[in-house]
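1. how would this look folded up:
(chains A and B)
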Amino acid sequence: MFWKVFLGIWMSLVIIASFLYAPPALGLGEVSRIIYYHVPLAWVAVLAYMVSMINAIKYLRTSSIEYDYRTSFNAEVGTIFALLATVTGAIFANATWGTYWNWDPRQTSIFVLLLIYGSYFALRSAIDDREQKARLSSVYAIIAFITVPFLVFIIPRIYASLHPDPIVNIEGRLQMDARMLQVFISSLAGFTGIYFWIYNLQNRIINLKGKIKGRL
Amino acid sequence: MVTRFLSWTRQAGALLNKDFKAEFRTKYALNSFLMFAVTTLVIVSFAVGPYYLDPVMHASFIWIIIFFSAMAGLARAFIKEQERGTVYALKLSTTPEIIYLGKFCFNLLLLLLVLLVIIPFYFFFLSPSVGNPLLLVVVLLLGSLGLTGTTTILSAIVSKANVKGNLLPVLAFPVLLPLLITSINGTRLALEGYTFGEASSELRVLSSFFVIMTTVSLLLFNYVWED
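-> Residues are numbered from 1 along each chain as shown, chains lettered A, B, ... in the order given. Down below sits the predicted model:
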């Protein structure tokens, strides 16, 4: 209860600060304020997909069904956040490059990621048997995820990137205005908090479902 | 180590032999695979007509034809065992890794047979100019290896699903995307006449894709195969 209220207040402050407190980034203008939402959304998507992968491997090792619930649930959360990151990215792309979509390497890789998890959900809906669904979809998730590093290597060789992390992130160091950085880090923390709150809620639902099934 | 390897090759060879005998009694898979590939090729040829195509267009068309006919032709390796009920006999007789290897060899031979027909046909109908034929052969070969390695385990997954129809292309596309992009690029380089040295990064990506996918498939196939 405390965490829920705390997160609500925290995120409200982040939203206000992102519009009023932080200055616009040099060269990008007011539209740069989207990084306080776009980057944390993408980060949470990656985090959820990672947790999903770890649970898929755990499921194959132990074949206890709760890991599979976590795998599929985290894949769903990851997909929602990845979709939001894609949309916010496209809005930014339209504002700065003049087009919503241009197969930038970042756009291509997130598109492939969404395709992978689209296929993952298609596979899950095609299998009825609970245990088989869990096992086969875990195997598929692992196989599909292994190809992602290839994309990271291949796609930049074909398309040049216009993604602005070279502007914010020269020579691997975060070069931001101090106030921008404060809001950015708080936003990252807030979104991560939201993810863990959702994760915790879902775990409680999974446990309750297990208890109800045990009683019947 | 050596005796184990020999026994693996012998058993996988036996499985391959059995699949080939069963296949050449009906020739169903080969015929449908081949006809699908020829149909796709003819559609491309009709659509392009008399126009001149860039090497990059030729490379894309070649791989679109290969990808979709492979999806249609290689899906059946495990489904047919499931339909005939021979899957239990297969489970009893040997280990999952050998089943994967045997099916992989069978699918690879099937795909290479189809390529042997379809690539000359492609040159006959669309006559692209080839700068480096040897590189083209190597790219096609490495591409087929990776394609088959991935498709084999995915078709085993699909054979367990209730809706078998269109699932394989859906599952395979995101996994095969790096392979397809690299193969198209490699084929374009071969058509434009680049040397092996200039295409070395493509060749390296293709061969590492094949090695990684086969290794992962061998590790995970046990989970797909058991009930």
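2. Residue numbers of chain A in contact with chain B?
-> Listed as neighbours of chain B in chain A under the rule Cβ under 8 Å from any Cβ of the partner chain: A:60, A:112, A:115-116, A:118-119, A:122-123, A:126-128, A:132, A:135-136, A:138-140, A:142-144, A:146-147, A:150-151, A:153-155, A:157-158. C-beta coordinates here come from the backbone N, C-alpha and C atoms, glycine included.
3. Which PyMOL command selects the buried ones in the residues you listed?
-> To isolate the buried members of the residues of chain A next to chain B in PyMOL, using 16 or more other Cβ atoms under 10 Å in any protein chain shown:
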select buried, chain A and resi 60+112+115+116+119+122+123+126+127+132+135+136+138+139+140+142+143+144+147+150+151+154+155
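4. Could you check how many residues crowd around whichever residue of chain B sits closest to chain A?
-> Nearest residue of chain B to chain A, counting by Cβ to the nearest Cβ: residue B:178, 3.6 Å away. Per other Cβ atoms under 10 Å in any protein chain shown, the neighbour tally for residue B:178 reads 23.
5. Output the below-cut-off pLDDT ranges for chain A.
-> In the predicted model of chain A, residues A:25-28, A:156-176, A:216 satisfy pLDDT under 70.
6. Identify, by residue count, the longest helix of it.
-> helix A:178-215 (DSSP state H).
7. Which other helices and strands does that one contact?
-> helix A:2-20, helix A:35-62, helix A:65-97 (3 or more Cβ pairs under 8 Å, 6 or more residues apart in numbering or on different chains; DSSP states H and E).
8. Residue B:198 is nearest to which of these?
-> helix A:65-97 (31.6 Å; Cβ to Cβ).
9. Give the buried residues for that closest one.
-> A:66-79, A:81-82, A:84-86, A:88-90, A:92-93, A:96.
10. helix or strand right after that helix?
-> As assigned by DSSP states H and E, the chain's next helix or strand after helix A:65-97 is helix A:105-126.
11. Let's see that following helix as PDB, backbone CA atoms only.
-> Extracted in PDB, the C-alpha atoms of helix A:105-126 (Å, rounded to 0.1, in the frame of the first residue of the first chain):
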ATOM      1  CA  PRO A 105      18.500   0.100 -36.800                       C
ATOM      2  CA  ARG A 106      16.700   0.800 -33.500                       C
ATOM      3  CA  GLN A 107      13.300   0.600 -35.200                       C
ATOM      4  CA  THR A 108      14.300  -2.600 -37.100                       C
ATOM      5  CA  SER A 109      15.500  -4.400 -34.000                       C
ATOM      6  CA  ILE A 110      12.500  -3.500 -31.900                       C
ATOM      7  CA  PHE A 111      10.300  -4.500 -34.800                       C
ATOM      8  CA  VAL A 112      11.900  -7.900 -34.900                       C
ATOM      9  CA  LEU A 113      11.600  -8.200 -31.100                       C
ATOM     10  CA  LEU A 114       7.900  -7.500 -31.400                       C
ATOM     11  CA  LEU A 115       7.600 -10.100 -34.300                       C
ATOM     12  CA  ILE A 116       9.400 -12.700 -32.100                       C
ATOM     13  CA  TYR A 117       7.000 -12.200 -29.200                       C
ATOM     14  CA  GLY A 118       4.000 -12.100 -31.700                       C
ATOM     15  CA  SER A 119       5.000 -15.500 -32.900                       C
ATOM     16  CA  TYR A 120       5.500 -16.600 -29.300                       C
ATOM     17  CA  PHE A 121       1.900 -15.700 -28.400                       C
ATOM     18  CA  ALA A 122       0.700 -17.300 -31.700                       C
ATOM     19  CA  LEU A 123       2.500 -20.600 -30.700                       C
ATOM     20  CA  ARG A 124       1.100 -20.500 -27.200                       C
ATOM     21  CA  SER A 125      -2.500 -20.100 -28.500                       C
ATOM     22  CA  ALA A 126      -2.000 -23.000 -30.900                       C
END
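12. Now do it and helix A:65-97, the angle between them.
-> Interaxial angle, helix A:105-126 versus helix A:65-97 (axes from the mean of the first three to the mean of the last three Cα atoms, to 10 degrees): 150 degrees.
13. Report all helices and strands that helix A:105-126 contacts.
-> Counting by 3+ Cβ pairs under 8 Å, 6+ apart, helix A:105-126 packs on helix A:35-62, helix A:65-97, helix A:130-146, helix A:148-158, helix B:167-192.
14. can you redo those as a markdown table with distance to residue A:213?
-> Listed next are these as a markdown table, based on distance: least, Cβ to Cβ, whole Å:
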| stretch | distance to residue A:213 |
| --- | --- |
| helix A:35-62 | 18 |
| helix A:65-97 | 10 |
| helix A:130-146 | 11 |
| helix A:148-158 | 35 |
| helix B:167-192 | 29 |
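15. what's the closest of these to residue A:21?
-> helix A:35-62 (10.5 Å).
16. Now the closest one: buried residues?
-> A:35-49, A:51-53, A:55-56, A:58-60.
17. quick one, which of the helices and strands packed on helix A:105-126 is nearest to residue B:103?
-> Taking the helices and strands packed on helix A:105-126 one by one with Cβ to Cβ, helix B:167-192 is closest: 14.0 Å.
18. how far out from the middle of the chain is whatever helix or strand comes next after that closest one?
-> Note on helix B:167-192: by DSSP H and E, the next helix or strand toward the C-terminus is helix B:200-225. Centroid separation for helix B:200-225 versus its chain: 13 Å, with Cα atoms, centre = their mean, to the nearest Å.
19. Which strands and helices lie in contact with helix B:200-225?
-> By 3+ Cβ pairs under 8 Å, 6+ apart, helix B:200-225 packs against helix A:130-146, helix A:148-158, helix B:96-126, helix B:133-160, helix B:167-192.
20. how far is the longest one from where the chain is centred?
-> So that's helix B:96-126. On Cα atoms, centre = their mean, the centre of helix B:96-126 falls 6 Å from that of its chain.
21. Check the average confidence over it, would you?
-> Averaging pLDDT along helix B:96-126 yields 92.
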